[in-house]
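Participant: with the input below, show me the fold.
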Amino acid sequence: MSIEIPADFAALLDVPVATLTTIGPSGYPQSSAVWFLPEDGVVKVSLVDTNQKVRNALANPKGTYLFIDPANPYKTLEVRGDLSVEPDTDVAFLRRQLAKYGTTPEEFGRGLDGRVVLTLTPTRVRTWG
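Facilitator: Numbers count the residues shown, from 1 in each chain. Below you'll find the predicted structure:
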């Protein structure tokens, strides 16, 4: 399934940070603010393979992104879906994601080893506001 975002909410996919929620080992939601990149009808994020989000996705491959309009915090876009994890050994995805933020892996200042792409394939889209 591809992301089908109502036209008046599509700009929320351009916000700089979104909240990504996965299910932690305790069964409770675990949320983090992340940089992300919508690409080909899915939403992706580059993480290090030891990240808790990656462990959560491997154990329970369900997640949610919440995008909040910085000009109106009551206007939100929620994208729920299935998660998958794939290696990014050549950091090609990381390069694309960082380009959105005007930087490169070399300037990023974080490790390049063990990079993976966490992909959310939408199963439901909800809007408010």
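Participant: leaving out chain neighbours, which residue sits closest to residue 115?
Facilitator: Take residue 115 and drop its neighbours on the chain: the residue closest to it by CB to CB, 6 or more residues apart in numbering is residue 88, 4.2 Å away. For glycine as for every other residue, the C-beta is placed from the backbone atoms N, C-alpha and C.
Participant: for residue 60, same thing?
Facilitator: Here the residue nearest residue 60, using CB to CB, 6+ apart, is residue 23, at 4.5 Å.
Participant: just confirm that neighbour contacts residue 53, I think it does.
Facilitator: No - look at residue 23 against residue 53 with CB atoms under 8 Å: they stay out of range, at 10.5 Å.
Participant: which strand in this structure has the most residues?
Facilitator: Ranked by residue count and defined by DSSP state E, the top strand of the chain is strand 72-87.
Participant: would you map the helices across the protein?
Facilitator: Secondary structure of the chain (DSSP state H): helices located at 52-59, 92-100, 105-108.
Participant: sorry, back to before: OK, contacts around the residue nearest to residue 60?
Facilitator: 29, 30, 56, 59, 60, 62, 63 (CB atoms under 8 Å, 6 or more residues apart in numbering).
Participant: and which of the residues you listed is nearest residue 114?
Facilitator: residue 56 (16.3 Å; CB to CB).
Participant: just the CA trace of stretch 85-101, in PDB.
Facilitator: C-alpha atoms of stretch 85-101 as PDB (Å, rounded to 0.1, in the frame of the first residue of the first chain):
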ATOM      1  CA  VAL A  85      14.500  -3.600   8.500                       C
ATOM      2  CA  GLU A  86      17.200  -3.800   5.700                       C
ATOM      3  CA  PRO A  87      20.900  -3.200   5.800                       C
ATOM      4  CA  ASP A  88      22.300   0.000   4.400                       C
ATOM      5  CA  THR A  89      25.900  -1.200   4.100                       C
ATOM      6  CA  ASP A  90      26.900   1.400   1.500                       C
ATOM      7  CA  VAL A  91      24.900   4.100   3.400                       C
ATOM      8  CA  ALA A  92      23.200   5.100   0.100                       C
ATOM      9  CA  PHE A  93      19.900   5.600   2.000                       C
ATOM     10  CA  LEU A  94      21.600   7.600   4.800                       C
ATOM     11  CA  ARG A  95      23.000   9.900   2.100                       C
ATOM     12  CA  ARG A  96      19.500  10.500   0.600                       C
ATOM     13  CA  GLN A  97      18.000  11.100   4.100                       C
ATOM     14  CA  LEU A  98      20.700  13.500   5.200                       C
ATOM     15  CA  ALA A  99      20.500  15.400   1.900                       C
ATOM     16  CA  LYS A 100      16.900  16.400   3.000                       C
ATOM     17  CA  TYR A 101      18.600  18.000   6.000                       C
END
